[in-house]
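next one to model:
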Amino acid sequence: MNEEELKAEEKEKVHGTDEGIAEGHAPDMGTPDTPPVPPAGESELDKARREATEWRDKYFRLYAEFDNFRKRTAKERLELMGSASADLIRELLPVLDDFDRAAKANESAIEVGPVREGFNLIHQKLYKRLEQKGLKPADAAGKAFDTDYHEAITQVPAGDDMKGKVVEEVEKGYLLNDKIIRFSKVVIGQ
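Here you go, the predicted model:
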């Protein structure tokens, strides 16, 4: 055999013939989960290109998966925050109804005593609902000044026993599940 016949025979062994492909005997190209079987006569450059293409494809698929995961979790987080707010508002609606009834009753009220009693009852109801959700007041009066819980508005001269302590609480601070959500605004002794 001459050199041309050897090359043609080699090509036929590696790639198959057109007739073989037409008959359904195509070379193994692999499945989507497994890489294709490289042809026997593949050069190092072709092999490197094929591997680079495979890695690039895997990278793009992984990046797309991660991007979808990130978007999905962000959407779920927003939905969770929205539903948590809806639960709290549902809890507070009866208190709002009480305020509406009290405001309507105040329009024609002559005596102050029942009005005051009604507002105290509504205040207690609101406070209990918020307490059930984990809200607690951060009592400050008479305690040592602590920047983790208090915000100083001003200082006033005080006796030795009140130096560095809270003399007056101007605005009450609150804790939600033992985490400060609003600092107490206080006046401290100097």
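
okay, CA-based contacts and neighbour counts for the rest of this
Fine.

only the buried residues of stretch 148-157, if you could.
Going by neighbour count (16 or more other CA atoms under 10 Å), the buried part of stretch 148-157 is 149-152, 155.

could I get those residues in JSON lines, plus columns for distance to Pro137 and secondary structure?
Converted to JSON lines, those look like this (distance: CA to CA, whole Å; DSSP: H, G, I helix; E, B strand; the rest coil):
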{"residue": "Tyr149", "distance to Pro137": "11", "secondary structure": "coil"}
{"residue": "His150", "distance to Pro137": "12", "secondary structure": "strand"}
{"residue": "Glu151", "distance to Pro137": "15", "secondary structure": "strand"}
{"residue": "Ala152", "distance to Pro137": "17", "secondary structure": "strand"}
{"residue": "Gln155", "distance to Pro137": "23", "secondary structure": "strand"}
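
quick check, central residue of the chain?
Nearest to the geometric centre of the chain sits Arg77, at 4.5 Å (CA atoms, centre = their mean).

can you give me the distance of that residue to Lys71?
From Arg77 across to Lys71, the span is 10 Å (CA to CA, to the nearest Å).

quick check: mean pLDDT across the host helix or strand of Arg101?
Secondary structure assignment for Arg101, by DSSP states H and E: helix 44-106. If you average the pLDDT over helix 44-106, you get 90.

span of stretch 176-190 from start to end?
End-to-end span of stretch 176-190 (CA to CA): 30 Å.

that one: how far from the chain's middle?
Averaging C-alpha positions (CA atoms, centre = their mean, to the nearest Å) puts stretch 176-190 27 Å from its chain's average.

per-residue confidence averaged over it?
Averaging pLDDT along stretch 176-190 gives 88.

list of residues touching that stretch?
134-136, 138-140, 145, 148-159, 162-175 (CA atoms under 8 Å, 6 or more residues apart in numbering).

ok, now which ones touch Glu168?
The contact partners of Glu168, by CA under 8 Å, 6+ apart, come to 141-142, 186-188.

pull out the buried positions in the helix or strand encompassing it.
Per DSSP H and E: Glu168 is located in strand 166-171. Within strand 166-171, the residues that qualify as buried are 166-167, 169, counting by 16+ other CA under 10 Å.

need the residues you listed in TSV (columns: pLDDT and distance to Arg61).
As requested, these are arranged in TSV below (pLDDT from 0 to 100; distance: CA to CA, whole Å):
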residue	pLDDT	distance to Arg61
Val166	87	60
Val167	87	63
Glu169	88	59
